[in-house]
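Q: Below is the sequence, then the predicted model.
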Amino acid sequence: QVQLVESGGGLVQAGGSLRLSCAASGRTFTNYPMGWFRQAPGKEREFVAAISWSDDSTTYTDSVKGRFTLSRDNAKNTLYLQMNSLKPEDTAVYYCALRAGSQYDFWGQGTQVTVSS
C-alpha cells in the first residue's frame, strides 16, 4: 500500500512563496509518475502539475506555468512543489497523487494553501 503525506501549506500574502512536500512510502518511488492537484471551495479538483517516472519531465496547467516548479528527490522519496508569485486564486487544498496504473490511484490527505490579497 502506498502512503502519501503532504506538508508545507499555510497562509501567505499575494506575491509570496510556499514549498509543498509530499513524502511517499510503500512503493519504489522512482517507478511511478506523480502529480499535484488542487481543489478550491465549491470547485472541482483540478490538475496542477505532474512529473514522469522515466525522465523527470514535467507538465503544468497553464495558470501556474512560470510560477510553480515540480521536482522530486528520489533518495528521500519526496515530491516537491515550489510555488512562487502566489495569487489569491491559488487558494485551495493541494493533494499529491501517485499513478500506479492508467490513472492516479493513491492520494494524500491534502494540505491547505491560502493566499490573501
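A: Sure thing, it's come through.
Q: now the residue nearest the centre of the chain: how far from Tyr95?
A: The chain has Trp36 as the residue nearest its centroid, 2.9 Å off, counting by CA atoms, centre = their mean. Distance check for Trp36 against Tyr95: by CB to CB, to the nearest Å, it reads 7 Å. All C-beta spots, glycine's among them, are computed from the backbone N, C-alpha and C.
Q: Next: Val113.
A: For Val113, the distance to Tyr95 equals 11 Å [CB to CB].
Q: rewinding a little: the residue nearest to the centre of the chain - nearest residue in space that isn't next to it in sequence?
A: Sequence neighbours aside, Val48 is the residue nearest to Trp36 in space, at 4.3 Å (criterion: CB to CB, 6 or more residues apart in numbering).
Q: who's in contact with that neighbour?
A: Applying CB atoms under 8 Å, 6 or more residues apart in numbering, we find Val48 in contact with 35-38, 60-61, 64, 68, 81, 94.
Q: of these, buried ones?
A: Taking 16 or more other CB atoms under 10 Å as the criterion, what is buried in the contacts of Val48 is 35-38, 60, 64, 68, 81, 94.
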